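Undergrad: I need the structure of the sequence given here:
(one chain, ligands or ions: 1)
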Amino acid sequence: MEFNVVKRLGDFQLAAKGRVEEGVTCVVGPNGSGKTTLMKILAGLLKPDSGRVEYVGVSSRVYVGDFYTPPEATGLDVVLAGRTRFGRRPVGREDVEKAAEYAELLEAADLLKRRISTLSGGQRQRLVIAAALASEADLLLLDEPLSNLHGDWRGRVMEVLRGLSRGRLVVVSTHHGDVLSCCHYVLQMENGVVTWLGPSADYQPRLAEAECGGSR
Ligand SMILES: Nc1ncnc2c1ncn2[C@@H]1O[C@H](COP(=O)(O)OP(=O)(O)OP(=O)(O)O)[C@@H](O)[C@H]1O
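TA: Residues are numbered from 1 along each chain as shown. The predicted structure is shown next:
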């Protein structure tokens, strides 16, 4: 999939060009650098002012970021929402089986009957990832899917994503540098521009590291 797009949002301008290959691409960059904006354009949720995205070999796409779930919803409702592409069609019997299968992959099968309001942030996050996977879309755009997860879980989620990425484009935005070696490719955004794109093995983080200061 190739993209060459320009989008203005208030004072911010995205002018991004690149190519996303089969496999897992991690999108990195500072807050406000345009990661979500780019992913929403790739998902077709945001229309660029100019330029285009060429979806070669991509027939279905799903973007999953924060999505609202009523507190009374169950874990199963969350996974089924992804399966039916957020209510675009009714739930069938096979959908429930598929939802259980993907929840199992994320070790979340025991969460399906629980109410969302009783779950921890990380447990909810695993269900949201299962929802994205259950869509079985060719292009999966996961915006900050690792945000509530502990290091071990981040690695496990990346392993699952890699395992399902054959014949698919999986794009994951993240602030966690520890998972970059789990991606096939890294796409770095800075100030609305793609400043690096290539195999993760060749990526040398160029972003400034956090300064914690020396005072106690
Ligand atoms: N609807 C909007 N109107 C005006 N500006 C917007 C709008 N949406 C986003 N922006 C601005 O666009 C810039 C890029 O936002 P975006 O959410 O793409 O960044 P990001 O890299 O995903 O950031 P983060 O890491 O904090 O999630 C930001 O400066 C943001 O304030």
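Undergrad: in its sheet, what does the helix or strand where Leu197 lies sit against?
TA: Assigned by DSSP states H and E, Leu197 falls within strand 193-199. Paired with strand 193-199 in the same sheet, following DSSP bridges, are strand 185-190 (antiparallel).
Undergrad: Mind jotting down where the strands sit in the protein?
TA: Counting by DSSP state E, one finds strands in the chain at the ranges 2-9, 12-19, 23-28, 50-54, 61-64, 139-143, 169-173, 185-190, 193-199.
Undergrad: what's the least confident stretch among those?
TA: Least confident of those, judged by mean pLDDT, is strand 61-64 with a mean of 92.
Undergrad: Output the strands of the chain as a markdown table; include the columns distance to the ligand and mean neighbour count.
TA: Bear in mind the C-beta positions are built from the backbone N, C-alpha and C, glycine included. Listed next are the strands of the chain as a markdown table, based on distance: least, CB to the nearest ligand atom, whole Å; neighbours: other CB atoms under 10 Å:
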| stretch | distance to the ligand | mean neighbour count |
| --- | --- | --- |
| strand 2-9 | 4 | 16 |
| strand 12-19 | 4 | 18 |
| strand 23-28 | 8 | 24 |
| strand 50-54 | 16 | 13 |
| strand 61-64 | 12 | 22 |
| strand 139-143 | 7 | 24 |
| strand 169-173 | 6 | 24 |
| strand 185-190 | 6 | 22 |
| strand 193-199 | 12 | 16 |
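Undergrad: Could you dump the ones you listed into CSV with distance to Leu111 added?
TA: Output for these, formatted as CSV (distance: least, CB to CB, whole Å):
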stretch, distance to Leu111
strand 2-9, 35
strand 12-19, 36
strand 23-28, 24
strand 50-54, 35
strand 61-64, 17
strand 139-143, 19
strand 169-173, 21
strand 185-190, 31
strand 193-199, 35
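Undergrad: circling back: and the contacts of the strand holding Leu197?
TA: Outside strand 193-199, the residues that touch it by CB atoms under 8 Å, 6 or more residues apart in numbering are 14-19, 34, 184-189, 203, 206.
Undergrad: of all those residues, which two lie farthest apart?
TA: Largest separation among these by CB to CB: Ala15 and His184, giving 24.9 Å.
Undergrad: in the sheet, who's paired with the residue sitting nearest the centre point of the chain?
TA: Nearest to the mean C-alpha position of the chain, by CA atoms, centre = their mean, lies Leu142 at 1.0 Å. Beta-bridge pairing of Leu142 under DSSP bridges involves Val64, Val172.
Undergrad: Am I right that it is in contact with Ala132?
TA: Yes: between Leu142 and Ala132 there is a contact at 5.6 Å, judged by CB atoms under 8 Å.
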